[in-house]
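**Q** got a structure for you, letters missing:
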């Protein structure tokens, strides 16, 4: 169906591509042997993963006394990393589901890798509460089912249990959404590959896709339904994560703005991670015509708006602490900005609020190395945001006699490194086994000629 | 109403004038027996009106920033909504001025004065008044600039793309986010000066955008029936506005619930005061009513696709949401001003009739001041031919 599109809209794909070019360009990185650059990246990230595995092994064998936690600071690196990774995943769902419902066609360039990122990030996130249990082999105790453990039953009033439900639902829906989106592209791979194991596997995974109008119709219906289901999840998951803190009566944790503020922060950090990865991937995988500077600019704008929302939330918290007249509330925020951990607070404010303001300028948004640096800084800032919320609210208790400091141990740092290793190892493998850009969706959105660009046609006529 | 492209007849304009004036006179007379109720009604009414005007600017700015094309055909409707800003601003400021001195925003000497220095400063009547004037002037200035640009576009070549002006729109969004948070706290949250909630600003925003969408639906449908937007405002537009109303009704509920649940769960006395005076008094059924009107009805009715494309169903749902907005605002304002007993009578009716009439008049006047469909609009073709 031909749609009316204003000439003011920039093209989604540049470089006079045809439909065939799209398939060729996007599947190119999957064919042949990996490059030296890929191997180097894979070596670094799998080493990081191994460090993490060793650290987790050691701390499970020895006990979580290997962490730097104490009676005052009962949550530290573990939950910081957990919230950080859950947040990273949110951009995937936002781009794939929310922007789909809002008909933002530029999403087609990044949705596939953002969804993959969601899955890997949620896996990394899940790791931390699991090892925090101390006895992860008993993790099935979190499932509410009639059991023989006497009166042992999950506590439905605890937001930590809501987390279990929210995050497992999120993982499930994200995985289904990602897989359903992959089906037409898996069929493309099946049709393009030589007979052998690769074709056999892609044939099984593409579920007998035949590309008929009926298949497409059903596929699009399912995709729309899944997008509708995934959208509330963008909100619910981080809302419930925020309730892990906000339902407590700890000043600095208990504040009503937390649900939307956490959701905005999650999307903010996720966009930063998508930008970090895509800016590298487009260069390494030669996808500059598909992830164009226009796409980067759009994501930068989204990141700026999320950064401003987060900044408004920081401001609101400070304002209300001052306005409330509650001395404990006021102390926590004074302590955040000027206490012993003020360096962490100001790192957070600089990276999340001040530096992203540069993105108001088009010149900055279109200078890709600059966007890359800002995106990395936002990642750092968002990690510190969780650290600030968790540790600065805890380390100076109501009673000064219970004040304590928190210093992460090498084991905790190694676990964090390991989670990054897991994330990047998974992402690098993903780039090898599945198309990093949704081929079928780009073709549907970009209105490309079947064969030969305008120039090719005129050359043919001339000949 | 003398303009040649007037959207309402002289007779209907006269009816609106009569409604506005009669309501205002009745409200003024009510001060004799219920001054508190009149004041509460004035605050609810003028805040309702000003946030509708502000919502119009918000819709224009948001769609400009996002590069939206679908709304181009009926963009004059949110633009016309901004026409209420100056008058609503005057009524609101006058309402605040009436009680600024004796109102008791903050009871001096209550609690530990040492930690209340900021509240003393912030709720100082003079500072409060200056801020209120500043917010209203800022809103009017941005509305004029954005709408003015759109009107000028009518005489410029279509490629000039002057009306978009994403820069000013994004600056407005930043200003809006800060001012609506502060204005909501100054004018409504401070009615209970010892109570506070960081969610308040988001809560104000959620109600504002929901009511704005509902008014746009009503206005677009009525203008299509009347003829001004016939063949321009399509079922596709109606469908999309319906989706947005469904989405933002859920957003309102999400924000309402998050605020309530966190306060209920933590059960801290300085926070629960707000909900105790609303859910443990005769106001409780009204609170439930606001949830039914603002979320349950729009959610369940707007879920099926045919409902969002049906003119009559959409009109009814939008009307329910608009009543819900009034109930929601009343639940915020009445308990601290009027008391623990919900009241509905002559002052409330008079205020509703008067403010509705005023809105209708100002909207019709602003809408008639420009072509009903933007000319030379680069996204117009996209808007007229798109499919939801």
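**A** That came through, no problem. Just so you know, these numbers come straight off a predicted model, no measurement behind them.
**Q** pLDDT score assigned to residue B:127?
**A** On the pLDDT scale, residue B:127 is placed at 88.
**Q** ugh, wrong one, I meant residue A:325
**A** As summarised for this prediction, residue A:325 has a pLDDT of 84.
**Q** what of residue B:55?
**A** 96.
**Q** over to residue B:108?
**A** We note a pLDDT of 56 for residue B:108 in this prediction.
**Q** repeat for the one 5 residues further on
**A** According to the predicted model, the pLDDT of residue B:113 comes to 60.
**Q** try residue A:97
**A** pLDDT recorded at residue A:97 is 83.
**Q** OK, contacts around it?
**A** A:177, A:226, A:227, A:228, A:230, A:231, A:233, A:234 (Cβ atoms under 8 Å, 6 or more residues apart in numbering or on different chains). Where you see a C-beta, it was placed from the backbone N, CA and C, and this is true even at glycine.
**Q** export those to TSV and tack on distance to residue B:199?
**A** Below are the contacts of residue A:97 laid out as TSV (distance: Cβ to Cβ, whole Å):
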residue	distance to residue B:199
A:177	30
A:226	30
A:227	28
A:228	26
A:230	25
A:231	21
A:233	21
A:234	19
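**Q** what's the closest of those to residue A:337?
**A** Distance to residue A:337, by Cβ to Cβ, is smallest for residue A:234 among those, at 30.6 Å.
**Q** now for the closest one, how many residues are close by?
**A** Residue A:234 has 23 neighbouring residues, counting by other Cβ atoms under 10 Å in any protein chain shown.
**Q** neighbour-wise, which of the contacts of residue A:97 leads?
**A** residue A:177 leads the contacts of residue A:97 on contacts (other Cβ under 10 Å) with 26 neighbours.
**Q** that one against residue A:100, yeah?
**A** No: counting by Cβ atoms under 8 Å, residue A:177 stays clear of residue A:100, with 9.9 Å between them.
**Q** what sits in contact with each of the two?
**A** Overlap between the contact sets of residue A:177 and residue A:100, as judged by Cβ under 8 Å, 6+ apart, is given by residue A:227.
**Q** show residues contacting stretch A:27-46.
**A** Contacting residues not belonging to stretch A:27-46 are listed as A:188-189, A:192, A:284-286, A:420-421, A:423-425, A:428, A:431-436, A:439 [Cβ under 8 Å, 6+ apart].
**Q** for that stretch, measure first residue to last.
**A** Stretch A:27-46 has an end-to-end distance of 24 Å (Cα to Cα, to the nearest Å).
**Q** please apply the same query to stretch A:104-119.
**A** The first-to-last residue distance of stretch A:104-119 comes to 22 Å (Cα to Cα).
**Q** what residues does the stretch 151-300 of chain B put near chain A?
**A** Residues of the stretch 151-300 of chain B lying near chain A by Cβ under 8 Å from any Cβ of the partner chain: B:161, B:170, B:173-174, B:177-178, B:181, B:185, B:194, B:196-202, B:243, B:250, B:254-255, B:258-259, B:261-263, B:265-266, B:268, B:270.
**Q** which residues are in contact with residue 133?
**A** Using chain A here. Counting by Cβ under 8 Å, 6+ apart, residue A:133 has contacts residue A:139.
**Q** right idea, wrong chain: chain B
**A** Residue B:133 touches residue B:93, counting by Cβ under 8 Å, 6+ apart.
**Q** just to revisit the earlier point, from the residues of the stretch 151-300 of chain B next to chain A, which land in helices?
**A** B:170, B:173-174, B:177-178, B:181, B:185, B:200-202, B:243, B:250, B:254-255, B:258-259, B:261-263, B:265-266, B:270 (DSSP state H).
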